[in-house]
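1. Predicted model and sequence follow; I will ask about them next.
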Amino acid sequence: MSTSTQTLPDVDTRPEGTDSTGDDDPKMFHYVRKNKIAESAVLGSHVVALCGETFPVTRSPKPGSPVCPDCKKVYESLPGGGE
């Protein structure tokens, strides 16, 4: 039995309007519900950030990564947020 492998062209799965650079590294990271991160990473479903931005999870932030100022403002206004 012989099998062949086909290669799909590179497809940018980020929706139009997300904060990304030409190399697909986000300019900033957003706050999203923790329970939705793994689902999005595995299934490719979209998450909704605190600021309202909708996108699939494709990267993990590193310490010191820039954070969306709108998400940060909402997060800090939540009970227990920003502490």
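-> Alright, I've got the coordinates.
2. Secondary structure class of Ser40, three-state.
-> With DSSP: H, G, I helix; E, B strand; the rest coil as the basis, Ser40 sits in helix.
3. Report the contact partners of it.
-> Applying Cβ atoms under 8 Å, 6 or more residues apart in numbering to Ser40 gives the contacts Val32, His46, Val47, Pro56, Val57. For the C-beta atoms, the positions are set from N, CA and C on the backbone; glycine is no exception.
4. same thing but 10 Å
-> With contact set as Cβ atoms under 10 Å, 6 or more residues apart in numbering, Ser40 has these partners: Val32, Arg33, His46, Val47, Phe55, Pro56, Val57, Thr58.
5. Return the distance of Leu50 relative to Tyr75.
-> Separation of Leu50 from Tyr75 (Cβ to Cβ, to the nearest Å) stands at 6 Å.
6. one step back: show me the contacts of Ser40 that map onto strands.
-> Per DSSP state E, strands hold the following members of the contacts of Ser40: His46, Val47, Phe55, Pro56.
7. What score does the closest residue to the first one other than its chain neighbours have for pLDDT?
-> I take that to be His46. Leaving out its chain neighbours, the residue that sits closest to His46 by Cβ to Cβ, 6 or more residues apart in numbering is Thr54, at 5.0 Å. As predicted, Thr54 sits at a pLDDT of 94.
8. What of Glu76?
-> For Glu76, pLDDT reads 90.
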